[in-house]
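Asks: Fold the following.
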Amino acid sequence: MTKKLFEINPDLDRAALARRFAEHTRVQVRDFLTRETAEEIRMILSQATPWGLAMQADGSGFEGPQQILPQDMRSPDGQQRAQAIGQATQDAAARGDYAFRFAQYPILQAVQENWSPDSPHELLLEYINAPEFLQLARDITGFDDLVKADGQATLFAKQQFLGRHIDSHVAEGWKVAYVMNFAVDDWHPDWGGYLQFLDEEGDIVEGFRPRFNALNLFAVPQAHSVSFVAPFAPVGRYAITGWLRDR
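Replies: Numbering: from 1, shown residues only. Take a look at the predicted model:
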């Protein structure tokens with residue numbers, strides 16, 4: 001492992017990024033970490049992360065977020081439940097109801113429940129809450145009251161997606177959503193998995209390709225989705241995601 005797991009690129013033009021965020025309430029920060037540390041994080045996500053599933057299927061009996069924890073994925077009951085909810089997400093999406101399904105490792109939950117003390121995931125959460133990253137987020141967004149962040153590792157594999165929603169948990173302190181992308185190099189546009197922003201009529205007004213070592217920041221609430229990952233896409237849309245909070 002590298003001496004430093006999370007090192008912010010010192011050459012970022014924070015003023016230019018701040019102007020972009022102020023104008024559009026969202027920005028993609030490319031090459032936000034040094035290449036060496038970004039590659040180390042991608043290795044952790046691709047080779048050292050026990051994946052579970054996160055799913056939701058409104059209108060089907062599976063309203064609200066549903067978790068299949070990594071340890072449950074190995075049991076017949078867990079696999080059966082995953083299959084049932086997975087089918088429900090497809091049916092819900094076909095009706096136009098809110099739905100999502102993607103692979104997940106809930107880092108904050110793992111830390112709180114002491115799943116794997118001193119794991120690299122625990123260290124990553126510490127870095128995300130360290131002064132260096134929080135100050136980068138404050139500098140770009142202009143929100144000086146950001147004080148902490150939660151986090152989860154995500155993997156959007158074939159036929160996974162996140163339906164349109166707005167992240168309206170303002171009462172819980174959510175101010176800015178973040179997505180740290182560690183996808184395979186040269187993710188092809190045909191593979192899907194784009195972070196998309198939509199207007200009130202459902203038109204896509206902007207989309208961010210899941211570029212390796214790119215940080216997406218956007219103010220919430222704001223309508224967005226992750227587009228369906230194509231059946232022929234390689235496994236590799238890795239990310240760390242969460243919300244920066246003011247409390």
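
Asks: Give me the phi and psi for the spatially most central residue of the chain.
Replies: Centroid check for the chain by C-alpha atoms, centre = their mean gives residue 241 as the closest residue, at 2.9 Å. Note on residue 241: backbone dihedrals following degrees, to the nearest 10 are phi -130, psi 160.

Asks: What are the boundaries of the helices in this protein?
Replies: Under the criterion DSSP state H, the chain contains helices at 14-24, 35-47, 76-95, 107-112, 120-128, 131-141.

Asks: can you list contacts of the shortest one?
Replies: Spelled out, that is helix 107-112. Here helix 107-112 makes contact (C-beta atoms under 8 Å, 6 or more residues apart in numbering) with 115-116, 119, 121-122, 124-125, 150-153, 240, 242. All C-beta spots, glycine's among them, are computed from the backbone N, C-alpha and C.

Asks: how about the helices of the chain in TSV, adding distance to residue 233?
Replies: Below are the helices of the chain laid out as TSV (distance: least, C-beta to C-beta, whole Å):
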stretch	distance to residue 233
helix 14-24	27
helix 35-47	15
helix 76-95	17
helix 107-112	24
helix 120-128	25
helix 131-141	29
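
Asks: Which one of these lies nearest to residue 229?
Replies: Closest of these to residue 229 is helix 76-95, at 13.3 Å (criterion: C-beta to C-beta).

Asks: same for that closest one, what does it pack against?
Replies: Helices and strands touching helix 76-95, by 3 or more C-beta pairs under 8 Å, 6 or more residues apart in numbering; DSSP states H and E, are strand 52-57, strand 62-68, strand 99-105.

Asks: tell me the mean pLDDT over the shortest one?
Replies: When the per-residue pLDDT values of strand 52-57 are averaged, the result is 98.

Asks: Give the partner strands of that strand in its sheet and their orientations.
Replies: Strand 52-57 sits in its sheet next to strand 62-68 (antiparallel), strand 99-105 (antiparallel), going by DSSP bridges.

Asks: Just say which of those is most tucked in.
Replies: strand 99-105 (a mean of 23; mean count of other C-beta atoms under 10 Å).

Asks: Can you tell me what sits against it?
Replies: With contacts defined as C-beta under 8 Å, 6+ apart, strand 99-105 is touched by 49-58, 67, 70, 85-86, 88-90, 92-93, 121, 152-157, 160-163, 226.

Asks: hey, what's the residue nearest to residue 164 when sequence neighbours are not counted bridged with?
Replies: Excluding the flanking residues, the one nearest residue 164 by C-beta to C-beta, 6 or more residues apart in numbering is residue 225, at 4.4 Å. Counting by DSSP bridges, residue 225 is bridged to residue 196.

Asks: residues in contact with residue 225?
Replies: Listed by C-beta under 8 Å, 6+ apart, the contact partners of residue 225 are 161, 162, 163, 164, 165, 195, 196, 198.
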